[in-house]
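J.: Output the structure for:
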Amino acid sequence: MSTIDHAHDHAHGDHDHAHDHPHGLSRWLFATNHKDIGTLYMWFSFIMLLSGGVLALMIRTELFKPGLQFFQPEFFNQLTTMHGLVMVFGAIMPAFVGFANWMIPLQIGASDMAFARMNNFSFWLLPPAALLLAGSFFVPGGATAAGWTLYAPLSTQMGIGMDMGIFAMHIMGASSIMGSINIIVTILNMRAPGMTLMKMPMFCWTWLITAYLLIAVMPVLAGAITMTLTDRHFGTSFFNAAGGGDPVMYQHIFWFFGHPEVYIMILPAFGIVSQIIPAFARKQLFGYASMVYATASIAILSFIVWAHHMFTTGMPVTSQLFFMYATMLISVPTGVKVFNWIATMWKGSMTFETPMLFSVGFIFVFTMGGFTGLMLAVTPVDIQLQDTYYVVAHFHYVLVAGSLFALFAGFYYWAPKWTGHMYNETMGKVHFWASLITFNVTFFPMHFLGLAGMPRRYADYQAQFTDFNSIASIGAFGFGLSQVFFLFFVVLPTIRGGKQAEAKPWDGAEGLEWTVPSPAPFHTFEVPPTVK
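T.: Next up, the predicted model:
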């Protein structure tokens with residue numbers, strides 16, 4: 001038990017420990033402790049990562065050479081849909097919420113999250129939703145093949161798998177909204193004395209802003225899929241042209257959710273990297289205030305760029321120009337962040353332990369993803385590249401090398417705190433280099449495929465695309481194996497035991513963990529003054 005728990009018991013005169021700290025299954029089922037719930041989120045997201053990875057490897061197996069080898073096109077499209085939904089809603093988002101649950105109370109000196117039982121509920125909504133999503137493979141007609149975006153009119157024609165998918169996304173959306181309310185109330189109401197907003201660690205800032213984004217856009221997604229549902233079963237014609245509806249309207253509603261959503265998946269990653277780089281450069285974060293304002297700017301701008309996903313839907317040139325310029329504008333605050341990270345490292349006493357390797361790898365590969373995104377923002381370029389493998393390459397550089405690498409960095413950085421044990425540094429470095437190399441082998445050739453005109457979501461392709469597809473498929477299996485390696489040689493050994501972690505595992509770096517303007521707040525791993 002942590003000192004915080006002791007202090008909490010003492011403060012409330014509650015010494016019934018058997019009642020207060022249940023063991024075995026009930027400890028996890030009825031968990032109200034932010035650390036336990038954070039752990040649950042992370043295990044759930046890791047299981048979903050591996051499941052979504054299996055779907056991805058099935059896709060890459062089919063694409064290893066031209067012709068239909070293993071799967072029919074319909075099932076192939078079910079794989080692409082489910083891979084996307086599982087990774088976005090099952091792996092990336094819950095993983096960041098797990099980090100938020102673990103670290104935000106510790107970083108702001110709170111005893112726990114604001115709404116402990118709601119916290120439990122928001123987690124336990126996820127496993128049933130995941131089962132619904134996975135179960136849609138096993139119903140008549142199979143899972144939806146409409147793509148993870150569930151575009152009408154395809155999504156209005158699919159079988160019962162589509163309804164299961166819609167229900168699952170409603171449940172996951174409810175979970176996200178509850179988690180966000182919890183994070184906002186915790187950060188705004190439960191900071192320790194002296195912990196002003198502009199002294200908070202960057203991770204708290206990025207999550208505060210992300211939580212507002214989630215509350216703003218999750219209901220929009222709910223609206224889009226509810227309209228799809230009524231079109232399917234209740235005779236409405238929101239997206240049915242024959243009834244006076246408009247399938248393009250679905251895209252507008254979906255992407256009004258979908259574009260802020262991609263920032264929801266990257267802002268917490270920015271926060272993690274902004275914690276780690278100062279620690280291993282042994283310097284304060286360069287431009288703390290500008291980092292906060294840049295994060296807020298990205299969040300605000302993310303609402304006015306959605307239709308850059310729709311340049312080929314026949315929108316007026318005026319609209320194309322607006323969305324092109326707005327999208328280019330969002331690269332300015334993003335650039336500010338990248339330059340601040342580099343400035344933080346400049347002339348620092350850097351060491352390259354695994355968290356730092358993943359963070360530097362993140363900057364390199366995320367920046368590449370950012371540049372390809374900037375190119376896709378240019379309307380005439382996008383009209384050529386729309387729905388080709390260039391787009392697939394772009395968003396995987398942002399989501400895999402962006403979000404996922406930052407999650408790995410955060411795991412290596414905070415695991416000593418979470419488990420009390422040090423991970424094996426050599427194994428961590430092997431995981432990093434294996435992931436970085438195989439990731440690039442997988443996704444870099446996709447830029448060339450896209451430039452040469454290979455469409456995405458195709459189960460078969462012309463012979464001219466064979467070489468790059470074969471390379472990508474080999475890389476994908478390497479990347480998948482790297483994550484299995486991570487599980488068996490890093491995660492499980494660290495949890496089971498290994499070298500005892502010191503109080504300050506990153507020698508001297510730990511003192512800078514707060515990366516805030518001086519004076520730094522007290523170290524919140526002791527009893528917070530609010531509880532004494």
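J.: Check whether the closest residue to residue 292 other than its chain neighbours sits in a helix, strand or coil.
T.: Excluding its sequence neighbours, the residue lying closest to residue 292 (CB to CB, 6 or more residues apart in numbering) is residue 205, at 5.3 Å. Where C-beta positions appear, they are placed from N, C-alpha and C, glycine not excepted. Following DSSP: H, G, I helix; E, B strand; the rest coil, the label given to residue 205 is helix.
J.: who touches residue 205 in this structure?
T.: 197, 271, 291, 292, 295 (CB atoms under 8 Å, 6 or more residues apart in numbering).
J.: cool, and residue 153?
T.: 239, 240, 241, 247.
J.: Of those residues, which belong to helices?
T.: residue 247 (DSSP state H).
J.: and of the contacts of residue 153, the nearest to residue 101?
T.: residue 239 (37.0 Å; CB to CB).
J.: so where is this protein shaky, pLDDT-wise?
T.: Across the chain, the ranges flagged by pLDDT under 70 are 1-21, 507-532.
J.: Next, name the residue at the spatial heart of it.
T.: For the chain, the residue sitting closest to the mean C-alpha position, by CA atoms, centre = their mean, is residue 92 at 3.2 Å.
J.: mind listing what's buried in stretch 425-441?
T.: 427, 428, 430, 431, 432, 434, 435, 436, 438, 439, 440, 441 (16 or more other CB atoms under 10 Å).
J.: nope, stretch 140-158 is what I was after
T.: Neighbour count says stretch 140-158 has 142-156, 158 buried, by 16+ other CB under 10 Å.
J.: Equivalent analysis for stretch 173-191, please.
T.: Buried residues in stretch 173-191, defined by neighbour count with 16+ other CB under 10 Å: 173-184, 186-187, 190-191.
J.: Return the alpha-carbon coordinates of that stretch using CSV.
T.: Provided in CSV are the C-alpha atoms of stretch 173-191 (Å, rounded to 0.1, in the frame of the first residue of the first chain):
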residue,chain,number,x,y,z
GLY,A,173,-18.1,6.6,-26.4
ALA,A,174,-19.9,6.7,-23.1
SER,A,175,-16.8,5.3,-21.4
SER,A,176,-14.7,8.0,-23.0
ILE,A,177,-17.0,10.8,-21.9
MET,A,178,-17.1,9.5,-18.3
GLY,A,179,-13.3,9.2,-18.3
SER,A,180,-12.9,12.7,-19.6
ILE,A,181,-15.3,14.3,-17.0
ASN,A,182,-13.3,12.5,-14.4
ILE,A,183,-10.0,13.8,-15.7
ILE,A,184,-11.2,17.4,-16.0
VAL,A,185,-12.7,17.5,-12.5
THR,A,186,-9.6,15.9,-11.0
ILE,A,187,-7.3,18.4,-12.6
LEU,A,188,-9.4,21.5,-12.0
ASN,A,189,-10.5,20.7,-8.4
MET,A,190,-7.9,18.4,-6.8
ARG,A,191,-4.5,20.0,-7.4
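J.: Next, the contact list for residue 343, please.
T.: By CB under 8 Å, 6+ apart, the neighbours of residue 343 are 286, 287.
J.: make it 10 Å
T.: 281, 283, 285, 286, 287 (CB atoms under 10 Å, 6 or more residues apart in numbering).
J.: and if you look at residue 459?
T.: Residue 459 sits in contact with 59, 62-63, 67-77, 79-80, where contact means CB under 10 Å, 6+ apart.
J.: what's the answer for residue 78, then?
T.: Counted by CB under 10 Å, 6+ apart, residue 78 has contacts 55, 71-72, 136-137, 141-146, 158, 161.
J.: Can you tell me the closest non-neighbouring residue to it?
T.: residue 143 is the one closest to residue 78 (CB to CB, 6+ apart), at 4.3 Å.
J.: hang on, the one you found is in a strand, isn't it?
T.: No - using three-state DSSP, the secondary structure at residue 143 is coil, not a strand.
J.: Double-check it against residue 134; I have them as touching.
T.: Yes - Residue 143 lies in contact with residue 134 (CB atoms under 10 Å); the separation is 8.7 Å.
J.: what touches both of the two?
T.: With CB under 10 Å, 6+ apart as the test, residue 143 and residue 134 both reach 82, 164.
J.: Residue 236: what secondary structure?
T.: Quick answer, by three-state DSSP: residue 236 is coil.
J.: Could you measure from it over to residue 177?
T.: Between residue 236 and residue 177 the computed distance is 25 Å (CB to CB, to the nearest Å).
J.: tally of neighbours for residue 138?
T.: Residues contacting residue 138 under the criterion other CB atoms under 10 Å number 10.
J.: Quick check: nearest residue in space to residue 445, chain neighbours excluded?
T.: residue 468 (3.9 Å).
J.: which residues does the one you found contact?
T.: Here residue 468 is in contact with 389, 444, 445, 446, 447, 448, 449, 450, 452, 454, 461 (CB under 10 Å, 6+ apart).
J.: measure the second one to residue 437 for me?
T.: Just to be clear, that refers to residue 444. Residue 444 is 11 Å from residue 437, by CB to CB.
J.: Give me the common contacts of those two.
T.: residue 475.
J.: circling back to that earlier point, turn the buried residues of stretch 425-441 into a markdown table, including distance to residue 169 and secondary structure.
T.: Shown next, in a markdown table, are the buried residues of stretch 425-441 (distance: CB to CB, whole Å; DSSP: H, G, I helix; E, B strand; the rest coil):
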| residue | distance to residue 169 | secondary structure |
| --- | --- | --- |
| 427 | 36 | helix |
| 428 | 35 | helix |
| 430 | 37 | helix |
| 431 | 32 | helix |
| 432 | 33 | helix |
| 434 | 33 | helix |
| 435 | 29 | helix |
| 436 | 32 | helix |
| 438 | 30 | helix |
| 439 | 28 | helix |
| 440 | 32 | helix |
| 441 | 33 | helix |
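J.: Which of these sits closest to residue 256?
T.: Out of the buried residues of stretch 425-441, the member with the shortest distance to residue 256 (by CB to CB) is residue 439, at 30.4 Å.
J.: From residue 340, how far off is that closest one?
T.: 25 Å.
J.: What of residue 506?
T.: 21 Å.
J.: sorry, back to before: for PyMOL, what selects the buried ones among the contacts of residue 205?
T.: In PyMOL syntax, the buried subset of those is picked out as below (16+ other CB under 10 Å):
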select buried, resi 271+291+292+295
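J.: Which one of the contacts of residue 205 is nearest to residue 25?
T.: Using CB to CB, the contacts of residue 205 come closest to residue 25 at residue 271, 32.9 Å.
J.: who's in contact with the closest one?
T.: 96, 99-100, 103, 201-210, 291, 295, 406, 410.
J.: Of these, keep whichever come out buried.
T.: 96, 99-100, 103, 201-210, 291, 295, 406, 410.
J.: Now intersect those residues with the helices, please.
T.: 96, 99-100, 103, 202-210, 291, 295, 406, 410.
J.: can you redo the contacts of residue 343 as TSV with secondary structure, neighbour count and distance to residue 349?
T.: Below are the contacts of residue 343 laid out as TSV (DSSP: H, G, I helix; E, B strand; the rest coil; neighbours: other CB atoms under 10 Å; distance: CB to CB, whole Å):
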residue	secondary structure	neighbour count	distance to residue 349
281	helix	24	7
283	coil	19	8
285	coil	24	15
286	coil	20	15
287	coil	17	19
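J.: Redo the residues you listed as JSON lines? Include distance to residue 220.
T.: Output for these, formatted as JSON lines (distance: CB to CB, whole Å):
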{"residue": "281", "distance to residue 220": "39"}
{"residue": "283", "distance to residue 220": "40"}
{"residue": "285", "distance to residue 220": "33"}
{"residue": "286", "distance to residue 220": "36"}
{"residue": "287", "distance to residue 220": "33"}
